[in-house]
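> Here's my sequence, what's the structure:
(2 chains, ligands or ions: 2)
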Amino acid sequence: MSELLNVPTMADFMAQGKQPEVLFWVGCAGSFDDRAKKITKAFVKLLNKAQVEFAVLGTEESCTGDPAKRAGNEFLFQMQAVTNIEVLNAYEVKKIVTACPHCFNTIKNEYPELGGNYEVMHHTQFLKTLLDEGRLTIEGGQFKGKRITFHDPCYLGRANNVYEAPRDLIKKLEAELIEMKNCKRTGLCCGAGGAQMFKDAEKGNKEVNIERTEQALETQPDIVAAGCPFCNTMMTDGVKAKEKESDVAIMDIAELIANAQDL
Amino acid sequence: MPYIPNLIFIIILVLGVYAFARNVSKLKRNIKLGQDVDVSDNKPQRWKNMAMIALGQSKLMTRPVSGFLHVVVYLGFIIINIEVLEIVIDGILGTHRIFSFAGSLYAFLIGTFEVLAVLVLVTVTIFWLRRNVIKIRRFWSAEMTTWPKKDGNFILYFEMILMTLFLVMNATDLDFQASNSGNVISQYIAPLFSNYSESTLHIIERAAWWLHIIGILVFLNYLYYSKHLHILLAFPNTYYGKLQPKGQLNNLESVTNEVKMMMDPNIDPFAAPAEGTPEVPAKFGASDVQDLNWVQLLNAYTCTECGRCTSECPANQTGKKLSPRKIMMDTRDRLEEVGRNIDANKGTFKPDNKQLLDDYITREELWACTSCNACVEACPVSIDPLSIIIDMRRYLVMEQSAAPTELNNMMTNIENNGAPWPYNQMDRLNWKNE
Ligand code: SF4
Ligand code: SF4
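Ligands and ions are numbered 1, 2, ... in the order given. Here you go, the predicted structure:
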């Protein structure tokens, strides 16, 4: 169905002398990681369905610099930030939506001091407003009564106090939202943040994602919902390690909603 | 000779307060060894945080049991200070229970103190049991050895002794017992002393009185060496605590200047720096305590070693060496060492071939952090261990190029392809047609 995807770029809009309503910041994972690309497409389908005029930067997008910054490479981070800000400002971007909490946090909080001021939303927040405004409707359908637990991404939750938007969306699916032992403010990290995604973990007696997966499995869920491509990978690996992949699905909130719509 | 006790009292009081003032000035000097940082913004929010978190103990209540127990001890501590004020005035003037003119109000106050003293005794006993018998995990981790372990118990013994002395003092005060008002608890202790003569009772009462006030002065001076310093520093520390969203790391200004130079084609990189442009700092990031800012150093002195941060830390929970509490304790220990070095060398720091990095905090600890902010969220006194971890990583990466190889690969990829993986930037939109 991918031929149906309508994904204009900022350059396309510029050529027509128009501004989109919102820029969709895809992020590195969303652009290159095979699992995360599915989340990207699900979100685009929803944007198309709701007839949102959005654009992506496409080849003009570059890494926000988040993993470099958290690894300690402030130089590389600021080089990336300044380059991205130049592009964004040249297109006079006002509003950004992204499905990656790391991109969300960096652009929202760390870019302003460097000259990049935008209204930044996580895709769960954006989807919530689309629903509230009636531009998008959900019929719970296939998720009705399913047990869904939500894993709070650190960079959405604690880092920026967004706890409710993803939960509200799950409830809209008429699913049964069950909380893990650690959730919201005390949510346990998936183990990928702070550039850990790109290296082996230090020696310990367990991997963080295994610990987190065990907490998720304790709730006996049908689905573990995630709101971050990195969390998604970590939890998927965890569930595979526990040999539970046939019973429990790991899905992004955007995928849940797109699937409920049979998109 | 009737003035001798007053004189002795005044001398002891002055010595005690003087010693305390000296500790405070040392504390201030050490904190000021840190880099300057501007925390003069948003005063209303800062006052509010201090009122809620330090005064109102809002963060402690996330763990209801220890939170409630803490509030009892805290209230006891604050309210009983009225009693200490009376003792001090009595001691200086040679009076006895000078506030007693207040009649029924006085009786009510003393009665309240007595009840609080008992509550504090009970609570402190529970605290002791939690630490030593139940062995709650966060009090028994790797960094809680020797001094930190003893310190925690010392404070509890101190409080037990002070509260007992207060009750004994009241119980053996014949006039006070005779008045039979306000002695809600001590009337039940008084019978224990009923066999003693009047003069013995008087000696016991005086001894309890003196020991009580001397105990308080000793305690005041013990603070500097103890995690108990938080009873004072929690206030400034919550005031200066981070206001930005937790996920926001600071952007190093010195780096911004360099990046601007590199990106601006109009700036001649070989030109002599213009007057007044800030100089490039000697160092990026932190390898020792002087490289940290003073709020981070204040954090270190404020840490109560409660371990709430460590018990929430995903790295620590899965057996890695990282413990955010240890990061704070190490910072304080090293800062103290630097301070002693300065004292021994007449006001200047003599390099001692040691630093916070490697000698206290290992690289393995630093690289285990996921920057998840669980520690920051958990801390009841607004400490930010993550900021120290990031500053030290910055030193490792920007000064020493000592990141783990895989991270170096990730960074090279970002530099060359604009993504942490080795994909071509031109392929960024390929997903659209897949
Ligand atoms: S931010 Fe780092 S030190 Fe703090 S809890 Fe998370 S992993 Fe542990
Ligand atoms: S940093 Fe905060 S939470 Fe951690 S031990 Fe110190 S006071 Fe407790």
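
> how about the helices in chain A?
For chain A, the helices defined by DSSP state H cover A:10-15, A:27-32, A:34-49, A:66-71, A:74-90, A:101-105, A:123-132, A:164-172, A:208-218, A:229-241, A:253-260.

> How is the chain divided into domains?
No chain was given, so I picked chain A. Chain A breaks down by automatic domain parsing into domains covering A:10-130, A:137-260.

> you looked at the wrong chain, it should be chain B
B:4-31+B:63-239, B:253-403.

> quick one: which of those domains is nearest chain A?
Among those, the nearest to chain A by Cβ to the nearest Cβ is domain B:253-403 (3.2 Å). Every C-beta, even on glycine, is put in place using the N, C-alpha and C of the backbone.

> Would you mind measuring the gap between the ends of that closest one?
22 Å (Cα to Cα, to the nearest Å).

> check whether that domain contacts chain A.
Yes: against chain A, domain B:253-403 shows contacts by Cβ under 8 Å from any Cβ of the partner chain at B:255-256, B:258-260, B:262-263, B:284-285, B:312, B:314-315, B:317-322, B:364, B:367-374, B:376-378, B:390, B:392-398, B:403.

> Stretch A:22-36 - what's its average pLDDT?
Stretch A:22-36 shows a mean pLDDT of 97.

> tell me, what residue is most central in the chain?
Going with chain A. Nearest residue to the geometric centre of chain A (Cα atoms, centre = their mean): A:Ala99, 2.8 Å.

> Correction: the question concerned chain B.
Closest-to-mean residue, chain B, Cα atoms, centre = their mean: B:Thr302 / 1.6 Å.

> Give me the distance between it and B:Arg325.
Separation of B:Thr302 from B:Arg325 (Cβ to Cβ, to the nearest Å) stands at 12 Å.

> And A:Gly157, by the same measure?
22 Å.

> Right, and ligand 1 sits closest to which residue of the stretch 101-250 of chain A?
The stretch 101-250 of chain A approaches ligand 1 most closely through A:Cys189 (6.2 Å), counting by Cβ to the nearest ligand atom.

> helices or strands up against the helix or strand B:Thr164 falls within?
In the assignment (DSSP states H and E), B:Thr164 maps to helix B:146-171. Counting contacts by 3 or more Cβ pairs under 8 Å, 6 or more residues apart in numbering or on different chains; DSSP states H and E, helix B:146-171 is packed against helix B:64-93, helix B:104-132, helix B:174-179, helix B:186-189, helix B:198-222.

> pLDDT of that helix, averaged?
Taken as a whole, helix B:146-171 has an average pLDDT of 90.

> how much does it deviate in direction from helix B:198-222?
Helix B:146-171 and helix B:198-222 meet at an angle of 150 degrees, taking axes from the mean of the first three to the mean of the last three Cα atoms, to 10 degrees as the criterion.

> distance between helix B:146-171 and the chain's centre?
Computed by Cα atoms, centre = their mean, to the nearest Å, the chain-centroid distance of helix B:146-171 equals 19 Å.

> Only the buried residues of that helix, if you could.
Of all the residues in helix B:146-171, those buried under the rule 16 or more other Cβ atoms under 10 Å in any protein chain shown are B:148-149, B:151-152, B:154-156, B:158-159, B:162-171.

> Show me which residues of chain B sit near ligand 2.
Residues of chain B lying close to ligand 2 (Cβ under 6 Å from any ligand atom) are B:303-309, B:324-325, B:328, B:378-379, B:381, B:383, B:385.

> switch the cut-off to 8 Å
When proximity is defined as Cβ under 8 Å from any ligand atom, chain B approaches ligand 2 at B:230, B:299, B:302-310, B:324-325, B:328-329, B:375, B:378-381, B:383, B:385.

> What's the nearest residue in chain A when you look at chain B?
Chain B sits closest to A:Ala159 of chain A, with a gap of 2.7 Å, by Cβ to the nearest Cβ.

> what's stretch A:248-263 in contact with?
Stretch A:248-263 has contacts (Cβ atoms under 8 Å, 6 or more residues apart in numbering or on different chains) with A:38-39, A:42-43, A:45-46, A:49, A:99, A:123-124, A:127, A:136, A:138-143, A:148, A:166, A:169-170, A:173, A:216-217, A:221-227, A:229, A:232, A:235-236, A:239.

> dump the residue contacts of the nearest residue to A:Glu60 once chain neighbours are set aside.
Using Cβ to Cβ, 6 or more residues apart in numbering or on different chains and skipping residues adjacent in sequence, the residue nearest A:Glu60 is A:Val87, 5.4 Å away. The neighbourhood of A:Val87, defined by Cβ under 8 Å, 6+ apart, consists of A:57, A:60-61.

> Repeat that for B:Pro422.
The neighbours of B:Pro422, taking Cβ under 8 Å, 6+ apart as the test, are B:Asn413.

> Check the secondary structure at it for me.
Counting by DSSP: H, G, I helix; E, B strand; the rest coil, the backbone at B:Pro422 sits in coil.

> Other residues contacting stretch B:185-199?
Residues outside stretch B:185-199 that contact it (Cβ under 8 Å, 6+ apart): B:114-115, B:117-118, B:167-168, B:170-172, B:174, B:176-177, B:180, B:183, B:201, B:204.

> I figured the residue nearest to the centre of chain B hits B:Pro380, correct?
No: taking contacts as Cβ atoms under 8 Å, B:Thr302 lies outside contact range of B:Pro380: 10.3 Å.

> so is the spatially closest residue to the residue of the stretch 101-250 of chain A closest to ligand 1 that is not a sequence neighbour in a helix, a strand, or just coil?
For A:Cys189, ignoring the flanking residues on the chain, the nearest one in space by Cβ to Cβ, 6+ apart is B:Cys372 at 3.7 Å. At B:Cys372, secondary structure determined by three-state DSSP is coil.

> ok, B:Cys372 - contacts?
Counting by Cβ under 8 Å, 6+ apart, B:Cys372 has contacts A:154, A:158, A:189, A:193-194, B:314.

> Export the residues you listed to TSV and append columns for distance to B:Leu85.
Output for the contacts of B:Cys372, formatted as TSV (distance: Cβ to Cβ, whole Å):
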residue	distance to B:Leu85
A:Cys154	47
A:Arg158	43
A:Cys189	48
A:Gly193	51
A:Gly194	50
B:Pro314	47
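
> Sort out for me which of those are in strands.
Here DSSP state E is the test, and the contacts of B:Cys372 give no hits in strands at all.
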